[in-house]
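**Student:** from the sequence below, what's the structure:
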Amino acid sequence: MASDGLWLEAEADRFISLADIDRSDERFRITTRRDSGDLQSSIRRFGLRTAPLVLPADDGFVLVSGFRRVDACRGLGRERIPARVMRRDASAYACALLAVAENSLERSLNPIEISRALNLLEQHVSGGKLPPEDAAGLGLPAHPAQIARLKRLGRMPAEVQAAVLEGALAPAMADEIGDLEEALGIALAQLFRRLRPGLNKQREIVAFLMEIAAREGIGPEQVLEQAWKGCEGSAGDQEDRNQQTHCLRQCLRRRRFPALAQAEENFHALRRRLKLGEAIQLAPPRDFEGTRLTLTLSFETLDDVARLRTKLDELIDRRDFRTLLTGKPRGFDGTSGV
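**Tutor:** The predicted model follows:
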């Protein structure tokens, strides 16, 4: 590292009182996990194998690394623990480097932890720019654009960060949400945490919201609220979430493209007038984007087939049927000539 030096050495290893550690001071916290139950079991059985790192303060100590270990010891009722005590004159950047190193060199950091690490380091480094060799030594991104995007993530609302942590929101999508009004970003993060749509579907939903809002002169939050009313349900299992996602996308798509919505309505009206019955199913082009229709026949006997053949012969002469086959360019408008 560019910042190697004796100040990286701990002053001494000694026992300190947990009461002397300021539990409200989390300036050097990197990890996003708050639970410590797993560590309690480990410490109870094997002891505290790696002592937390602390910095002397005017009144006690500031925790630099080992937040979950300290919480676990408190949960076990410990009063004193072994600690690695840094030199009192250690700089804030030295503490930040060690806080990041003790996390990033032991495990893979999630995107929020990487963001916290980058923000912490650049907050305390001289000149405000993290040396590339320090970033490389800590296993952190070094590309300026990637650093900027990840640093921004750590400053986003808690709901957005939670969605990223849960895997419901990709960092790239979170970056796009960061360009929106905060209230809308939070609403979208909550929605995506609930539905878990893929990245492309997330982008489609956001694009539709913004385009509809711009055209209708209303807020995108209002568009989302109106569209979601008709689709909201239990969202219990994956099938429920998929259905709700499909419902929301279709609702927004129809509102974004009114002519498409009218074409769909015309199609269903024509199909109802044909009175096909249960044995004949006629499906429109997928999302009304193509021209190929699907005709499905259900039968059990030869007599059923004969009746279906007769029905199909009748359909060929029906104007409504010809409109369904050839009328997509006109939006399946049955009042037009065919």
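
**Student:** the closest residue to Asp333 other than its chain neighbours: neighbouring residues, count only.
**Tutor:** Distances taken as C-beta to C-beta, 6 or more residues apart in numbering put Asn266 closest to Asp333, at 5.8 Å, once the chain neighbours are dropped. All C-beta spots, glycine's among them, are computed from the backbone N, C-alpha and C. By the measure other C-beta atoms under 10 Å, the count of residues near Asn266 is 20.

**Student:** helices and strands around the one helix or strand Asn266 maps to, which ones?
**Tutor:** Using DSSP states H and E, Asn266 falls within helix 258-274. With contacts defined as 3 or more C-beta pairs under 8 Å, 6 or more residues apart in numbering; DSSP states H and E, helix 258-274 has these neighbours: helix 238-256, helix 319-326.

**Student:** tabulate those (a markdown table), appending distance to Ala187.
**Tutor:** Putting the helices and strands packed on helix 258-274 into a markdown table (distance: least, C-beta to C-beta, whole Å) gives the following:
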| stretch | distance to Ala187 |
| --- | --- |
| helix 238-256 | 13 |
| helix 319-326 | 39 |
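
**Student:** what's the neighbour count on Gly331?
**Tutor:** 18.

**Student:** next one: Ser115
**Tutor:** Look at Ser115: counted by other C-beta under 10 Å, it has 26 neighbours.

**Student:** what about the strands in the stretch 1-150 of the chain?
**Tutor:** 10-17, 53-57, 60-65, 80-86 (DSSP state E, counting those that start in this stretch).

**Student:** from Ala189, how far off is Arg14?
**Tutor:** Applying C-beta to C-beta, to the nearest Å, the value for Arg14 to Ala189 is 44 Å.

**Student:** picking up where we left off before, correct me, but the residue nearest to Asp333 touches Phe332?
**Tutor:** Yes: Asn266 is within contact range of Phe332, at 3.9 Å (criterion: C-beta atoms under 8 Å).

**Student:** shared neighbours of the two, which are they?
**Tutor:** Contact criterion C-beta atoms under 8 Å, 6 or more residues apart in numbering; residues shared by Asn266 and Phe332: none found.

**Student:** just for this structure, where's the confidence low?
**Tutor:** 1-12, 233-237, 334-338 (pLDDT under 70).

**Student:** break it into its domains for me.
**Tutor:** 6-148, 158-256, 271-330 (automatic domain parsing).

**Student:** any chance of CSV for the ones you listed, columns distance to Gln262?
**Tutor:** Shown next, in CSV, are the domains of the chain (distance: least, C-beta to C-beta, whole Å):
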stretch, distance to Gln262
domain 6-148, 43
domain 158-256, 9
domain 271-330, 10
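
**Student:** what lies in contact with stretch 104-123?
**Tutor:** Contacts to stretch 104-123, defined as C-beta under 8 Å, 6+ apart, come from residues 27-32, 93, 96-97, 99-100, 103, 128-130, 134-135, 138-141, 147, 150-155, 161, 164-165, 171.

**Student:** make it 7 Å
**Tutor:** For stretch 104-123, the external contacting residues (C-beta atoms under 7 Å, 6 or more residues apart in numbering) are 28, 30-32, 96, 99-100, 103, 128-130, 138-140, 147, 150-151, 153-154, 161, 164-165, 171.

**Student:** check stretch 22-41 too.
**Tutor:** In contact with stretch 22-41 (C-beta under 7 Å, 6+ apart) are residues 57, 60, 62-64, 67-69, 71-72, 75-76, 95-96, 99-100, 103, 110, 112-113, 116-117, 120, 165.

**Student:** just the buried positions in it, please.
**Tutor:** Arg27, Phe28, Arg29, Ile30, Thr31, Thr32, Ser36, Leu39, Gln40 (16 or more other C-beta atoms under 10 Å).

**Student:** tell me how far the fourth one lies from Asp303.
**Tutor:** Looking back up the chat, that one is Ile30. Look at Ile30 and Asp303: by C-beta to C-beta, they are 74 Å apart.

**Student:** now the first one
**Tutor:** Going from Arg27 to Asp303 by C-beta to C-beta gives 82 Å.

**Student:** of all the helices and strands packed on helix 258-274, which lies closest to Glu232?
**Tutor:** Between Glu232 and those, the tightest spacing by C-beta to C-beta is seen for helix 238-256, at 7.2 Å.

**Student:** distance of Glu300 from Arg307?
**Tutor:** For Glu300 relative to Arg307 (C-beta to C-beta), the value is 11 Å.

**Student:** compare those two (neighbour count), which wins?
**Tutor:** Arg307 (14 against 8).

**Student:** give the buried residues for the helix or strand harbouring that one.
**Tutor:** Here Arg307 sits within helix 302-316, counting by DSSP H and E. Neighbour-count burial for helix 302-316 flags Leu308, Lys311, Leu315 (criterion: 16+ other C-beta under 10 Å).

**Student:** cool, stretch 313-330 as well?
**Tutor:** Neighbour counts over stretch 313-330 (16+ other C-beta under 10 Å) mark Leu315, Asp320, Phe321, Thr323, Leu324, Gly327, Lys328 as buried.
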